[in-house]
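J.: return a 3D structure for these sequence lines:
(one chain, ligands or ions: 1)
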Amino acid sequence: MAGCAAIVRGAFEDVRAGACLGLVAEDAGRVVGFVVYTPAGTFVHSGYVRSVAVAPDAQHQGIGGRLMDAAEAAILERGPNVFLLVSNWNTGAQRFYERRGYRRIGEVPDYVRRGITEVLYRKTLGPIQRDA
Ligand SMILES: CC(C)(COP(=O)(O)OP(=O)(O)OC[C@H]1O[C@@H](n2cnc3c(N)ncnc32)[C@H](O)[C@@H]1OP(=O)(O)O)[C@@H](O)C(=O)NCCC(=O)NCCS
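T.: Predicted coordinates:
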């Protein structure tokens, strides 16, 4: 998937520029995973997980879950919602997010690449405004 490297590079450039925050997981000095997020990257008010990935040989050991735990904790400190997009073909990642409490709330066709629909997911503790 040639597009993946470009997406990862773009995410890390945004971390370097200060537009996003990033966390990495290391194992014996080797980076085996990362998450890139921003506390207010969606609709001005809400957090956005831009990218999470774990090296193929390090998957299914809970590393992705722990990276998401850390990003979500930082986001939920600031507000009650986390959003993310995942490509419609990426059913493994969709299952991963759904198990973590994300709900599919919409679709954004042709957003990243023509012909591919991005699925919008939300994990929420409640609305932004508290009930009166
Ligand atoms: C999605 C992704 C980040 C998950 O990372 P991961 O480190 O494998 O995540 P976890 O190990 O926490 O959980 C993955 C699965 O392993 C299972 N698991 C967790 N710990 C486990 C363990 N110790 N033993 C066996 N299985 C385990 C989880 O139940 C989970 O099951 P699920 O696939 O049904 O959700 C990883 O698959 C990935 O990098 N995919 C490619 C990039 C990508 O698609 N990113 C998302 C879009 S930007």
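J.: determine the longest strand present in this structure.
T.: Determined from DSSP state E, the single longest strand within the chain is strand 30-42.
J.: could you point out which element follows that strand?
T.: Moving toward the C-terminus from strand 30-42, the next helix or strand (DSSP states H and E) is strand 46-54.
J.: what angle sits between that next one and strand 30-42?
T.: Angle, strand 46-54 to strand 30-42, by axes from the mean of the first three to the mean of the last three C-alpha atoms, to 10 degrees: 160 degrees.
J.: what does strand 46-54 contact?
T.: 7-8, 11, 14, 20, 25, 32-42, 63-64, 67-68, 71-72, 74-76, 78-79, 81-84, 128 (C-beta atoms under 8 Å, 6 or more residues apart in numbering). Backbone N, C-alpha and C define where each C-beta goes, glycine included.
J.: please spell out the PyMOL selection for the buried subset of these.
T.: Command for PyMOL that selects the buried part of those, burial taken from 16 or more other C-beta atoms under 10 Å:
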select buried, resi 11+14+20+25+32+33+34+35+36+37+38+39+41+42+63+64+67+68+71+72+74+75+76+79+81+82+83+84
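J.: how about the CA coordinates for the longest strand of the chain, as CSV?
T.: Extracted in CSV, the C-alpha atoms of strand 30-42 (Å, rounded to 0.1, in the frame of the first residue of the first chain):
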residue,chain,number,x,y,z
ARG,A,30,12.9,-0.4,18.5
VAL,A,31,9.8,1.7,17.7
VAL,A,32,7.0,-0.9,17.3
GLY,A,33,4.0,1.4,17.2
PHE,A,34,2.7,5.0,17.2
VAL,A,35,-0.4,7.1,17.6
VAL,A,36,-0.9,10.6,16.3
TYR,A,37,-3.7,12.7,17.7
THR,A,38,-4.9,16.2,18.4
PRO,A,39,-7.0,17.2,21.4
ALA,A,40,-9.2,19.6,19.3
GLY,A,41,-8.9,18.4,15.7
THR,A,42,-12.6,17.7,15.0
